[in-house]
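Undergrad: Next one to model:
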Amino acid sequence: MGSLAGRASRPAEIVPQAPSHGPPKAAMPEQRLPIIGTGSQTTPTEAVLRAGLDAAGLPVVVEHWEPRPHLLGEAITKLRGREYLGALVIAPHKEKASSLIGSLSEDARLSGAVNVIVRDASRLRGHNTDMEGIRAGMAAILPRAQGRWPRVAVVLGAGGGARAAVAVLIGSSFQHVAVFNRHLHKAEALVAHFARSARHMELRARPWHETILEAEVSRAELVIDASGLGADEAASSISPEALPDGLFVLDLALHRAETALMREAQARGGTVANGQVSFLAAQAAAFHLWTGAEPPGDVLREALSSALGSGDREVAVAGD
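TA: Numbers count the residues shown, from 1 in each chain. Below is the predicted model:
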């Protein structure tokens, strides 16, 4: 059976202290935590991040930085200042950030992408908690019985979510993974990055042609949709007729509790999970890295529910 276990990482400097009955101590200095990327104010990321920090009573100011790509290095260097807790990196800077930080976690090194930066004194370390999100999504749907672990997967998309998905699949005993993207050269670049780590398996970039996609899906046991097409409630990225019975589906579209692909797979006896599972797991892992504290799962879930305008019952969290 494959393994979804992550690697332990050293947390940041700020650690909430237990209540004390002694003399009052000086207030903890305010820290700054930038979200680095484009359009960061249009996602639920900030709402979930703020909710977790507020619940923990941590004096952290969340900021928005949108540096031009050629100025990303300067922005990251600035994070060495004592007033910074680290940063959350979002599109389009995750891959570039991994080349600008000298110390990387194993997940960040394998994926070639960084979404979390942690400051330890004047040193910066890059992490990839998107992979923890993928692991959580897979753990929510895949069988745990010996001998039933799937071996064949299809990944749709070539962005940060797809990159994290491929990295996890490489380490989870999959034997064949096909990556599809509307722009084939992006899928080819993603596959090329993993050429060395995927030598034990068949990893291929495939053109997004209906007949080729349907042929690969028809023999797949797991589909991870990181294309974003699930955001359209009426559209499915795959023809329903191509879906095999009993398919496992992880659809990373965040703004739908149930996508068309998920519904169609379930109608054929499939097991599915939405992108909210992976999003919350990635955010919880980031929270722990920055604070050293256990993330307030209920608070994060409620914040995401509010940000998406959905009810609590629609926000599924693996392990709750």
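
Undergrad: got any ranges where the stretch 51-200 of the chain has weak pLDDT?
TA: Across the stretch 51-200 of the chain, the ranges flagged by pLDDT under 70 are 144-147.

Undergrad: Could you pull out the strands in it for me?
TA: 60-65, 86-89, 103-104, 116-120, 123-127, 152-156, 176-181 (DSSP state E, counting those that start in this stretch).

Undergrad: which helices and strands sit right next to the fifth one?
TA: Looking back up the chat, that one is strand 123-127. Using 3 or more C-beta pairs under 8 Å, 6 or more residues apart in numbering; DSSP states H and E as the contact test, the elements touching strand 123-127 are strand 103-104, helix 106-111, strand 116-120, helix 275-291. In short, each C-beta sits where N, CA and C put it, glycine included.

Undergrad: Within the sheet, what are the partner strands of it, with directions?
TA: Strand pairing for strand 123-127, determined by DSSP bridges: strand 103-104 (parallel), strand 116-120 (antiparallel).

Undergrad: Ala136 against Gln276, yeah?
TA: No - at 10.4 Å, Ala136 and Gln276 do not qualify as touching, with contact defined as C-beta atoms under 8 Å.

Undergrad: Which stretches in this structure count as helices?
TA: Applying DSSP state H to the chain gives helices spanning 45-55, 72-78, 94-98, 106-111, 130-141, 160-170, 184-193, 210-218, 260-267, 275-291, 297-308.

Undergrad: State the distance from Glu30 to Lys96.
TA: Applying C-beta to C-beta, to the nearest Å, the value for Glu30 to Lys96 is 29 Å.

Undergrad: So for these two, which sits in the more crowded spot?
TA: The residue with more neighbours, out of Glu30 and Lys96, is Lys96; 16 against 11, by other C-beta atoms under 10 Å.

Undergrad: hmm, back to that, name the stretch among the strands paired with strand 123-127 that sits most buried.
TA: strand 116-120 (a mean of 24; mean count of other C-beta atoms under 10 Å).

Undergrad: And Ala136 and Gln276? Which one has more around it.
TA: Set Ala136 next to Gln276 and count neighbours by other C-beta under 10 Å: Gln276 wins out with 27 against 24.
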